[in-house]
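Peer 1: Sequence isn't available, so here's the structure alone:
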């Protein structure tokens, strides 16, 4: 068992999604104490039940700034945050796409990030190992006409995270971005074992990248995009 994160507390937003359980397992195996949140308590409990050690798992409405702050404050000292909250809408050209897609993605990909960073920035600044990691998409840097809302929301989330990096850097903490095309989850692999998924990045590889960015090895790596896609 790797114990590089032993004694550290890591908050994971979106812990019960497609990527969350794999990341939680990797960080727990590294010795971290986890604070897990998502929108469904039963799914969170299922994730926590599969992890070694004792971990906090509770539903928090990340669209509610005060609730997010209350969550962060209740945890006390927190060393790192992994923001895994995701969502996708798209497939229509700009003149046909509903702006409801933008409103949904703005909430999921931007507002949850803003509230989480507001809530945890003081703890990350105070920690000797303060780390923040965002999962983003290659579309943010190369948008297409049928993916405009998603690409724009991801680009805004990246800009926010890079601004956070600028602030955290003054306190010896970091914020970095893992960039992918799409996630290959263990469930997807089990359901389609013969499919190649050439443009996808495995959840396991993403979890390794997050563990690396939370480690002491990346103390000087701040405001960077780590590309894990073709």
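Peer 2: Noted; the coordinates are in hand. Keep in mind it's a predicted model, so treat the numbers as computed, not measured. Numbering: from 1, shown residues only.

Peer 1: In the protein, mark out all the helices, start to finish.
Peer 2: With DSSP state H as the criterion, the chain has helices at 20-29, 41-49, 65-75, 99-105, 112-126, 148-169, 186-191, 203-214.

Peer 1: State the mean pLDDT of stretch 98-108.
Peer 2: Averaging pLDDT along stretch 98-108 gives 94.

Peer 1: Same check on stretch 223-230?
Peer 2: On average, stretch 223-230 scores 94.

Peer 1: in it, what counts as buried?
Peer 2: When burial is assessed from 16 or more other CB atoms under 10 Å, stretch 223-230 yields the following buried residues: 223, 225-228. C-beta coordinates here come from the backbone N, C-alpha and C atoms, glycine included.

Peer 1: Can you tell me which of those residues is nearest residue 206?
Peer 2: Within the buried residues of stretch 223-230, proximity to residue 206 (CB to CB) peaks at residue 228, which comes in at 6.4 Å.

Peer 1: so who does that closest one touch?
Peer 2: For residue 228, the contact set (CB atoms under 8 Å, 6 or more residues apart in numbering) comprises 178-180, 201, 205-206, 209.

Peer 1: what's the lowest-pLDDT member of the residues you listed?
Peer 2: Lowest confidence among the contacts of residue 228: residue 201, with 92.

Peer 1: which residues touch that residue?
Peer 2: For residue 201, the contacting residues are 180-184, 228-229, by CB under 8 Å, 6+ apart.

Peer 1: 6 Å instead, please
Peer 2: Under the criterion of CB atoms under 6 Å, 6 or more residues apart in numbering, the neighbours of residue 201 are 180, 228-229.

Peer 1: What of residue 111?
Peer 2: With CB under 6 Å, 6+ apart, residue 111 has these contacts: residue 63.

Peer 1: how near is it to residue 160?
Peer 2: 10 Å (CB to CB, to the nearest Å).

Peer 1: what do you get for residue 16?
Peer 2: From residue 16 over to residue 160 the distance is 23 Å, taken as CB to CB.

Peer 1: Between the two, which is the more surrounded one?
Peer 2: A direct count of neighbours by other CB atoms under 10 Å for residue 16 and residue 160 places residue 16 higher, at 25 against 17.
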